[in-house]
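Participant: Sequence and predicted structure are below.
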Amino acid sequence: MSDGLLLGFVVVALLAVMVPGLDTMLMLRHAVLGGWRAGLLALLGINVGCLVWGSASIAGLTAVLTASHLAYEIVRIAGAAYLIWLGGSALWKSLQRKQSDELPTGVDPQSRSAFRAGLVTNLLNPKVGVFYMSLLPQFIPAGSIVWGAGLVAIHVAIGLLWMSGLLVLAAKLRAVFLRERVRAWLDRVTATVFVGLGVKLAVEAP
């Protein structure tokens, strides 16, 4: 691979990571409401999901998503259902929370499910697989598994660095976001967005 192609991939990967999306919102929600540990676990889950998708793309498995309507639909519906469940359960818990509840300290219960939420949300998003399938072949020589693995590692590393910066910022602002009214507003808005994204994913045409 030429230096120009490598630089081009880094630029594209950086832009893709910097644009706020579902993964970013999920990590920040866990970081603000569950603490830096929960945010870090969500971030790790997200990036493990990226590694799985990237490896599947190199092996040619994600081509099934673009070639098979049924395979894409299965992942899409499963992802939509999970997002709606994730947002709905969070919204329900938020509405049931009493004003007298103590603010979370140390390891919040949310941190125990943060890794799973990050991983499953990423794996059940067929657009991540399509992204890898459409992007990687443009930057690697045909059949070069080593270069493909290297590009996946670069993309994951960029994501870790960028989102780690956001995680540090969220940790510093956590005291503000944990004020009762702000916390309730943030929790309900992000939960509603998850439900909305799930509905959007469920009804949109492939």
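Facilitator: Received it, and whenever you're ready, just let me know what you need.
Participant: rest of the way, CA atoms for contacts and neighbours
Facilitator: Fine.
Participant: can you give me the helices for the protein?
Facilitator: 3-18, 22-34, 36-59, 63-67, 69-96, 110-123, 126-135, 145-172, 174-177, 180-203 (DSSP state H).
Participant: Include mean pLDDT and mean neighbour count when you put these into a markdown table, please.
Facilitator: Formatted as a markdown table, those follow (pLDDT from 0 to 100; neighbours: other CA atoms under 10 Å):
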| stretch | mean pLDDT | mean neighbour count |
| --- | --- | --- |
| helix 3-18 | 82 | 14 |
| helix 22-34 | 84 | 23 |
| helix 36-59 | 89 | 23 |
| helix 63-67 | 69 | 16 |
| helix 69-96 | 76 | 18 |
| helix 110-123 | 83 | 21 |
| helix 126-135 | 78 | 19 |
| helix 145-172 | 88 | 18 |
| helix 174-177 | 71 | 16 |
| helix 180-203 | 73 | 18 |
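Participant: I figured residue 118 hits residue 45, correct?
Facilitator: Yes - Residue 118 is within contact range of residue 45, at 4.5 Å (criterion: CA atoms under 8 Å).
Participant: Nearest the middle, which residue of the chain would you pick?
Facilitator: Centroid check for the chain by CA atoms, centre = their mean gives residue 23 as the closest residue, at 2.3 Å.
Participant: how close does that residue sit to residue 115?
Facilitator: The gap separating residue 23 from residue 115 is 12 Å, by CA to CA, to the nearest Å.
Participant: can you list residues touching both of the two?
Facilitator: residue 46 (CA atoms under 8 Å, 6 or more residues apart in numbering).
Participant: Please report how far the residue lying closest to residue 52 once chain neighbours are set aside lies from residue 38.
Facilitator: Residue nearest to residue 52 in three dimensions, not counting chain neighbours: residue 123, with 7.8 Å by CA to CA, 6 or more residues apart in numbering. The gap separating residue 123 from residue 38 is 19 Å, by CA to CA.
Participant: now residue 82
Facilitator: To residue 38, residue 82 is 19 Å away according to CA to CA.
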